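Undergrad: sequence? don't have it. structure:
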C-alpha cells in the first residue's frame, strides 16, 4: 500500500515542515517580571462602568448568586458575569483559560498548582497590605495561599488568593442509628470509632458509607494520618516543603485501617464503583452509620436526615480537619484588577459570610452567623471552632501536586481492592510528590 | 430446525441491541428521586424529565452548536471531496501514488494524535473557542474518506460518458459540471449524510478546542451533563435520549444511504 | 474487475488523444492536480501539519504554557518506563478482541446461518442491528454506564433471575470493569461486521457451494472451505475498521470509567487527555499520541499484507 517513493516523499515533506516550525513550543510566552510585592495599589472601586468575569465550580460558587447581586447593589457601575463548570472540567481548563486572551478576571482557585510558577495570577500582597487582610484573617487561614519565590512551595511568601469561606471534612453520623445500636455519643477517639464500627457491623448496619469512585477513601486516610502525626508536621508535606515524606506512622496507620476495615466488611465491597454523590444519597437513605465527607454536602444531608444528622471533627488526640478555603485569585491579564480586588475584599464582609454559610461553607469569623441549636449547622460551627482552637485545619493531600488527585484516586482504589498493600500505596503517593517537590 | 435456530439467533442479536435502549428509556421516565431504576416500566411515566433535562443540560444551545458545526462542515467538505475525487480519478501523474498513501494514512490516524497541537495552533491564530476551531479540522480530517468515496464513484462510471464530451473539446470543468455531477447525486447524498452525522457526533475535538460549554456539540455537552448530574439517573437518561434522537431520526429516514455508505465506504 | 478494465481502456484512449496535441495535454495532465489541491491543502493544514507538530512537541519537556526545554527521547523513554502508560497501550490492543475478533466471529456465524434462509423480518433486523454504528459514542457510553451501575438494570436483571450473588458495581471492579467496557465495543461493532459479511456472502460464486455439495460436504465443511475463504476480503475490511476503532477508543472509556478503577481501563486516549490537561506533561502526551498512531499504522499495514498475500 505504501510504496518506497511515497515513504520518501512523506519524509521529505516532514523535514520541510519541521524546519519551518523549528522553534521551542511556548517560547513566545511573556517573560515580564512578576509584580512587585510592594507595588502601590489603590483600594475601592474605580468610577466608570466596569465588567468583570468570574469563573468557579457549581459547588464552591453556589453562594455567588447571592454575593454578586449584593456587591452590584453597592457598586452599580460594576457588572460581574458568573460562569461555572464542573470540578473536573474546571481544573483541566483553568490554566488554559488564564493564559488565553479572553482570560476571566476573578478565578476560583482549588489549588495553587502551577498558576504562580507560570505567572498566571496576580500577586495580591499589595492588596493584602492595603486592605489589611493579614490582620483580618488568622495567619493559618492565609498560609495555604502564600507561595514562596520558587513558585511551588506553599505556606510562606506572598499572598496569591483571598479566602471567601471555608470547608471542612469531618465525620457525619446518623444519630438514630447510634441510638439503636446503643452507642451513647459520637466517638472521641479512633478506638471509640473502631469499636462503634464493629458494633454497627454486628448490628447489621453498614458501618461506614464510602464511595471511592473518585478516590474519597483518601479522606479517612489523611484524617487518621494527620491526627496521628500532628497537624503541624503533617502540613509540611501538603505544602510541598522539601525533604517531607508521605511515609509517616500516621499515613501507615491510615492506609492500614482503611484496608482492614474493608476486610472486616465495614464498608460496601462496591465502594470503588460508587461516587461521592452516590454515597451521599445512600447515607441520607439510611445506608451507613458513619460517613466521612466535607461540609459542602451538609445542606443535602441535613435536609434529608433532619435531626438525625450529626457532624464532629474526625476523632483523634487533637481535633483536626481537612479543609481549604474557597479562595479567589485575580488573573494577571485582568484589566480591572482594582475592581476585582475590591470584590475580593467584599468576600470577607457579613453579606458574603451569610450567603456562604447558607451553602454549608464556614466564614472565617463564625460570630457573624447564627445556627439553630441541634441542627447540622450548629454541629459544623462547633466543629469548626474546635478545629481552629487546636490549629488543626490542613489542606487536601489531593492538592499537593497537579497529578496528586489522579494518583490518589487510582491508588486508593487499588488499596481497597487489595491490589496493593499499605506500604506500596504510600510509596506510589510519595513517588508522585517527589516528581514535583523532590 | 435450522430455520428457527437462525431466526432465534437473529432475534437474540436484535434484542441485545434493543435491551439497553429499553432500559434507558424506562429509566428516563422514573421519578427523579429513584436511585435504582430496574427494568420495569414506570407506573407513572414522568415525561417532565425531558423538559428538565432539556433546560438544565442547556440542550437548546448544544443542538444549535452541533447543527452550526455540522452545517459548516458539510457543504465545503462535499465540494472539496468532489473536486479532489474527480482530480484523482483522472490523474495519471506519478504523484498519484504518494497522494494516495498520504490520504490512506489519514484513515488510520487517531484524533488523539492531532488534537493537542491543533489546540495550540488554533490558539495562536485566534480561532480557539470559535466554531471554526472544530469545523476546519473536521473538514481536513474528513478529506480522505470523501476523496476516496467520490473517486470511486467517478471511476465506476462508464468511460463513454466523458469521452464524447472530451471529443467535443469540453474542458474538464464543463465535464465535471455538466456530465459527471448529475450522476453523483446519490453518492453525494450518502457522503453528505455521513459527514453530517460524524460532525454532529464529534466529541473529542469539541471537548478540547471549544472551552465555552454552550458552544460544544451535543455529545460533548452530554459528557459534561454526565459529570454534573451523574446521580440523577432519570434526568441523565433523558439527556442521553435527547442527544441520540436526532441522529436516530435521520438514520431511519435515510437508512439505505447510511448502511450503504458505511459498508461500502469501509471496503475502500 | 470490469471497472478497472474499462478504466485502462479509457487511459489508453486518452494518451492517444494527448499525443496529438502536446501543449494542451501537458496542461491537462496538471489540471487534476489543481482539482485535488484544495482538499489536500485542508488535509495537510489540519491533519498532517498538526501530526508533525505533535511529533515535534514530543521531543520537548513542556507543560503547555511555560517555556519548553529540549528533552530528546526522554518522553518516549517515560512511556516505556511508566507502568500506567505502558498498560494503556496493552489495554488498547486488548480491546481488539472485543472490537474486532468477537464481532467478526459473531458476524461470520450469523451471516452464514442467515444466508441460506430468506426471511421477511430481515429488513427490520438490519435496521436495528446497524443502529449502534450511527450513535454518538458518548451517548453509547452513557447508556452502558447506566446499564452497569451498581443500582442499574443489569444488576436488577441478575437479581430477577436469582443470581443476586453475582451483582456488583461492574465498572468499579478491577476484574470486571475492563470486560464491561470492552463489551460495549462488541455491541457497537457486531452489526457492522455482520452486514459486511452478509453482503459478502451474496457475492460468493454459487457454483462453489454446488461443487462442495456434490462432493458430499456437510454444512460445517462448507462453512470452513467455501464461506470463510470467500469472505477473506470482507473480513480484512471489517478487521481494519474495527481495529482502528479499538486502538483509538476514547469516548466510551472517558464516559464510563475515565480509566478506573486504578488503571484497569486506562487507554491511550484517556492517558493523553490526562497528561495534557491535568499533569501538564504535553511533551509526554504528544509522544504517546505519536506512538499510538505509529502502532495503528503498523497494524493496518500488517492486516493489509496478510490479506494481500493470501489472495
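TA: Sure, I can see it. Bear in mind that the values here come from a model prediction, so they are computed numbers and not experimental data.

Undergrad: which ones are touching the nearest residue to residue B:10 once chain neighbours are set aside?
TA: Spatial nearest neighbour of residue B:10, excluding adjacent residues (Cβ to Cβ, 6 or more residues apart in numbering or on different chains): residue C:125 at 5.2 Å. From N, CA and C alone the C-beta is placed, and that goes for glycine too. By Cβ atoms under 8 Å, 6 or more residues apart in numbering or on different chains, the residues touching residue C:125 are B:10, B:11, B:13, B:14.

Undergrad: ok, now how distant is residue C:211 from chain A?
TA: Separation of residue C:211 from chain A (Cβ to the nearest Cβ, to the nearest Å) stands at 33 Å.

Undergrad: burial of that residue, as a residue count?
TA: 12 (other Cβ atoms under 10 Å in any protein chain shown).

Undergrad: Secondary structure class of it, three-state.
TA: Here residue C:211 is recorded as helix under DSSP: H, G, I helix; E, B strand; the rest coil.

Undergrad: tell me the contacts of residue A:187?
TA: Residues counted as contacts of residue A:187 (Cβ under 8 Å, 6+ apart) are A:171, A:193, A:195, A:196, A:312, A:315.

Undergrad: Helix, strand, or coil at it?
TA: Residue A:187 is classified as coil under three-state DSSP.

Undergrad: Surely residue C:298 is in a helix?
TA: Yes. Counting by three-state DSSP, residue C:298 is part of a helix.

Undergrad: what helix or strand is residue C:266 on?
TA: Secondary structure assignment for residue C:266, by DSSP states H and E: no helix or strand.

Undergrad: need the contact list for residue C:217.
TA: So residue C:217 contacts residue C:225 (Cβ under 8 Å, 6+ apart).

Undergrad: State the phi and psi torsions of it.
TA: phi -80, psi 140 (degrees, to the nearest 10).

Undergrad: Chain A: strands as residue ranges?
TA: A:50-56, A:78-84, A:106-109, A:146-147, A:158-159, A:162-174, A:208-209, A:290-294, A:309-312, A:321-330, A:393-394 (DSSP state E).

Undergrad: can you tell which of those is closest to chain C?
TA: strand A:208-209 (13.3 Å; Cβ to the nearest Cβ).

Undergrad: helices and strands around that closest one, which ones?
TA: Under the contact criterion of 3 or more Cβ pairs under 8 Å, 6 or more residues apart in numbering or on different chains; DSSP states H and E, strand A:208-209 touches helix A:276-284, strand A:290-294.

Undergrad: Now distance to chain B too, for the ones you listed, in TSV please.
TA: Shown next, in TSV, are the helices and strands packed on strand A:208-209 (distance: least, Cβ to the nearest Cβ, whole Å):
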stretch	distance to chain B
helix A:276-284	4
strand A:290-294	14
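
Undergrad: For these, give me JSON lines that also has mean neighbour count and distance to chain C.
TA: Below are the helices and strands packed on strand A:208-209 laid out as JSON lines (neighbours: other Cβ atoms under 10 Å in any protein chain shown; distance: least, Cβ to the nearest Cβ, whole Å):
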{"stretch": "helix A:276-284", "mean neighbour count": "23", "distance to chain C": "8"}
{"stretch": "strand A:290-294", "mean neighbour count": "24", "distance to chain C": "17"}
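
Undergrad: looking at the ones you listed, which has the lowest confidence?
TA: For these, the weakest mean pLDDT is recorded on helix A:276-284, namely a mean of 90.

Undergrad: quick one on the thing from earlier: of all the contacts of residue A:187, which comes closest to residue C:121?
TA: residue A:171 (59.8 Å; Cβ to Cβ).

Undergrad: That closest one contacts residue A:309, correct?
TA: No. Using Cβ atoms under 8 Å, residue A:171 is not in contact with residue A:309; the gap is 11.7 Å.

Undergrad: before we move on, the earlier item: buried subset of the contacts of residue C:125?
TA: B:10, B:13, B:14 (16 or more other Cβ atoms under 10 Å in any protein chain shown).

Undergrad: Distance from the one helix or strand residue B:14 maps to to the middle of the chain?
TA: Assigned by DSSP H and E, residue B:14 belongs to helix B:2-28. When distances are taken as Cα atoms, centre = their mean, to the nearest Å, helix B:2-28 is centred 25 Å away from the chain's centroid.

Undergrad: State the pLDDT value of residue 259.
TA: No chain specified, so I'll use chain A. pLDDT at residue A:259 comes out at 96.

Undergrad: you looked at the wrong chain, it should be chain B
TA: Listed pLDDT for residue B:259 reads 82.

Undergrad: leaving aside the residues next to it on the chain, what's closest to it?
TA: For residue B:259, the spatially nearest residue (Cβ to Cβ, 6+ apart) is residue C:130, at 5.7 Å.

Undergrad: Could you give the average pLDDT over the helix holding residue B:14?
TA: On average, the pLDDT along helix B:2-28 is 86.

Undergrad: do stretch A:218-228 as well
TA: 95.

Undergrad: can you check stretch A:137-149 too?
TA: The average pLDDT within stretch A:137-149 is 84.

Undergrad: Give me the buried positions along that stretch.
TA: A:137, A:141, A:142, A:143, A:144, A:145, A:146, A:147, A:148.

Undergrad: Got the phi and psi for the first one?
TA: In terms of degrees, to the nearest 10, the main-chain angles of residue A:137 are phi -110, psi 150.

Undergrad: Look up how far residue B:87 lies from whatever residue of chain A ends up closest to chain C.
TA: Nearest residue of chain A to chain C: residue A:273, at 2.3 Å (Cβ to the nearest Cβ). Distance, residue A:273 to residue B:87, using Cβ to Cβ, to the nearest Å: 54 Å.

Undergrad: just residue A:437 next, same as before
TA: Counting by Cβ to Cβ - residue A:437 and residue B:87 are separated by 58 Å.
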